[in-house]
Each structure stands twice: as structure tokens, then as C-alpha cells.
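**Q** Sequence first, then the predicted structure, then my questions.
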Amino acid sequence: MKIAFRADASTEIGTGHIMRCITLADAFKGTGGQCYFICRSIPQSLQDVIKSKGHSFFQLPHGPPFIAREDDVAHASWLGVNWEVDALHTAAVISGIEPDWIVLDHYALDHRWEKQVRGPQCKLIVIDDLFDRPHIADILLDQNLGRSRENYKDLVPRDCQVLAGPEFALLRPEFEKMRAISIERRKKPKLEKLLITMGGADKDNVSGWLIDFFEEATDLGLLSVTVVLGASAAHADSVKMKASTSVIDVYVLQNVNNMAELMKDTDLCIGAAGSTSWERACLGVPSIIFSLADNQKQIAVDLDKHKIAKQAQLWDAASLLEIVKHLRKAKNLTRLGINAAKLVDGLGAQKVVEHVESYNVKAI
């Protein structure tokens, strides 16, 4: 089976789309699938990751710059070109691959692009979480909490399979492997080690602000703070300099490949309410979350509402301090971890592959 992925990673989009597509591609490869990535905007570091895992990579050519129009979808500009240009470029690559499935993970594209790119014998998986534009998908995946087919009833064909909820969260295998160890570790709750992970770019330097916050909150009694930065972190040098002169123990790591281990060994994580929310949940890690993008706002609200994580307001030091003090109580820390662990089992990618294989069997 051949599977072509169309996704990007940029300052606006972040790296989450590419990372979850790589996870799904790895799962397909594990069952004999051949995977091909078609990208327009992606840093070299992620290109290298894709190739190192044995997947093929195609870089789309430059095109005329994006020109806004009245019929654009909400995030059309994130593509860098108009959708017709991207469809033409992508279709040229697709024709050479002749995939059985296309996986589309891009907020800037909708049913118009899909009609131009997919062939008559090719099936389509759309990964989405905004439910703000129509698709002609055969399978639609939305891994967010509280999602259901109802969110997409007017946006996809009636026979489209909607895989909704965190049970389908696309996590790398190491999270499921470390799940039991991480949960067991939390039976004796404490708040000594803190992990900060604000996503790949952290363009607003939330990591730097948090270091300043914990320097001033000396009465919290934390032993160490570890900050994880992505390869494309915009303020990496500033954060590293701040950590080197800090009065508290701050360790800065960049472009790590052992996130599951780092999360397993931490007592509390502070992060963005993006795809890493499901990684933390799988390991039962108590979390404080910030909404850093439009698609994270509802996730943050829902996770807080269901007592799976505590939502904090960005740049509000007073409220953050109250939340951290609340979680210094063992029972509060334990409750968050238990609720989180119930949400995600780490087998989402395998479940999606099983649905695709089942779909293929039915189509024969």
C-alpha cells in the first residue's frame, strides 16, 4: 500500500502536523506500507527525520506568492501560495507515485484542492481539528477531546468514517512503552522536577518568561527546571543565556529525541495545549497548559473542564503562581495525573491503520 502525506511545518503552523504525520507513516510502514511526504514549507531538520525513517520526501517548487480572495478558507495564507497552485504542484508528484491513500493535514486546504489532487482510485484521509471547511474525505481524523461525527456532519460525505477523540491520538510508540512506568512513578506524588515544553518555534518566547517566573517564585521549592526547545526555536540563544545565569537550576535541551523519557521523569509539565497534550496524558503527567494558537483554545478549555490539566493565562504570573501552589498538594497533583492517564492509551496510530486496512478489505 502506498500512502502520500501532504503537510507542512512553518512558523504559523508549527511542527505538530508533520510530527503526527510521521507517527502515522511509521505505523503504516510497520505493516508494509510505503510512505511519501509532499511538503512546501518544512525545515531541513524535519526533512532529515522523514528520510532517516525510510520515507520518501518531495519538496514542492516555489510558486507565485499568495493573493487573498473572498472565497479563501480561514488560514489560506499559511500555504504561501493560492490553493490552485499547490494543487497543480502536488498533483504532479501524486501522478508519479500513484498512491492508494492521500493523507492531508493542512488548515489551508479544503474540498476544492482535494478534488483536483486525488485520483479516481485513490482514497483520502483528512486530519483536522477546526471543523471549519468542507472535505471529500473517506476517513476524517480529529483526535481532540469532545469531538464527534456531529462536528463534521455538514462538512464530509455521509459515508465518511469519522475517527474522533483522543483514543486516536497519533503518538510515537515510545509513549505507550513508557506509560506503565510513568504511571507507577506517580503513586508517590511530589513536585520537585518541572518540564517546560512550548512547542517547536515558541515564537513569543514563553519559555524565557517562565524561567523569569520561577526565578522570582523562590518559595515554590523546585529542585530543577528543564526547558525543551524545538530545532526551530526562535529565541533559543536567549533562553540558553538566561538559563546559564539563572539563580535556580535550569537545564535547556534542544531538538530532543527522547521526549517520552523526559516526560516520564518529570513531576509536572508546563506546555502548549497542542498535540503534546496527548503525549502528557498517555504518561499520566500532571500539566499546566497555555493556549498559544487558535486551534488550541478549545483544547485548553476542555482539558481544564474535565480536570485533565490546569489552564493558565499567558503572561499572567499571579494566576500561574496560584495554580502551581494548588498543585503542590499531593492529592491535586495525583488527581490530574489519574484523569489524564484515562484519556489516552498511546495506541491511536495503530487504530487508524487498522481502520484503513478494514476500509481496504470492504472495498474489495
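**A** That came through, no problem.

**Q** dump the residue contacts of Gly146.
**A** The neighbours of Gly146, taking CB atoms under 8 Å, 6 or more residues apart in numbering as the test, are 165, 298, 302. Bear in mind the C-beta positions are built from the backbone N, C-alpha and C, glycine included.

**Q** Same list (those) but as a markdown table, adding distance to Ala312 and secondary structure.
**A** Output for those, formatted as a markdown table (distance: CB to CB, whole Å; DSSP: H, G, I helix; E, B strand; the rest coil):
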| residue | distance to Ala312 | secondary structure |
| --- | --- | --- |
| Gly165 | 25 | coil |
| Gln298 | 16 | helix |
| Asp302 | 15 | helix |
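
**Q** Among those, name the least confidently predicted one.
**A** Least confident of the contacts of Gly146 in the model: Gln298, at 89.

**Q** Excluding chain neighbours, give the residue nearest to the most centrally placed residue in the chain in space.
**A** In the chain, the residue lying closest to the centroid (CA atoms, centre = their mean) is Ser275, at 2.8 Å. Leaving aside its sequence neighbours, Ser275 sits nearest to Gly16 (CB to CB, 6 or more residues apart in numbering; 4.2 Å).

**Q** Which residue ranges of the stretch 201-350 of the chain form strands?
**A** Counting by DSSP state E, counting those that start in this stretch, one finds strands in the stretch 201-350 of the chain at the ranges 224-229, 250-254, 268-272, 287-290, 310-311.

**Q** Relative to Asn360, which of those is closest?
**A** strand 268-272 (35.4 Å; CB to CB).

**Q** Quick one: list the elements packing against the closest one.
**A** strand 193-197, helix 276-282, strand 287-290 (3 or more CB pairs under 8 Å, 6 or more residues apart in numbering; DSSP states H and E).

**Q** Sketch out the low-pLDDT regions of the chain for me.
**A** Applying pLDDT under 70 to the chain flags residues 362-364.

**Q** can you list the domains in it?
**A** Listed by automatic domain parsing, the domain ranges of the chain are 2-171+346-363, 173-341.

**Q** Next one: the residue nearest to Ser275 from Ala273, what distance?
**A** Here Gly16 is placed at a distance of 11 Å from Ala273 (CB to CB, to the nearest Å).

**Q** Could you do Gly221 as well?
**A** Using CB to CB, we find Gly221 at a distance of 26 Å from Ala273.

**Q** Comparing those two, which residue is more hemmed in?
**A** Ala273 (26 against 9; other CB atoms under 10 Å).

**Q** Contact partners for that one?
**A** Taking CB under 8 Å, 6+ apart, we find Ala273 in contact with 289-292, 296-297, 299-300, 303, 309, 311.

**Q** Please convert the buried members of these into PyMOL selection syntax.
**A** Buried residues within the contacts of Ala273, by 16 or more other CB atoms under 10 Å, are selected in PyMOL with:
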select buried, resi 289+290+291+292+296+299+300+303+309+311
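
**Q** which one of the contacts of Ala273 is nearest Tyr152?
**A** Nearest member of the contacts of Ala273 to Tyr152, counting by CB to CB, is Ile299, at 16.8 Å.

**Q** what's that closest one in contact with, if anything?
**A** By CB under 8 Å, 6+ apart, the residues touching Ile299 are 129, 144-145, 273-274, 277, 289, 291.
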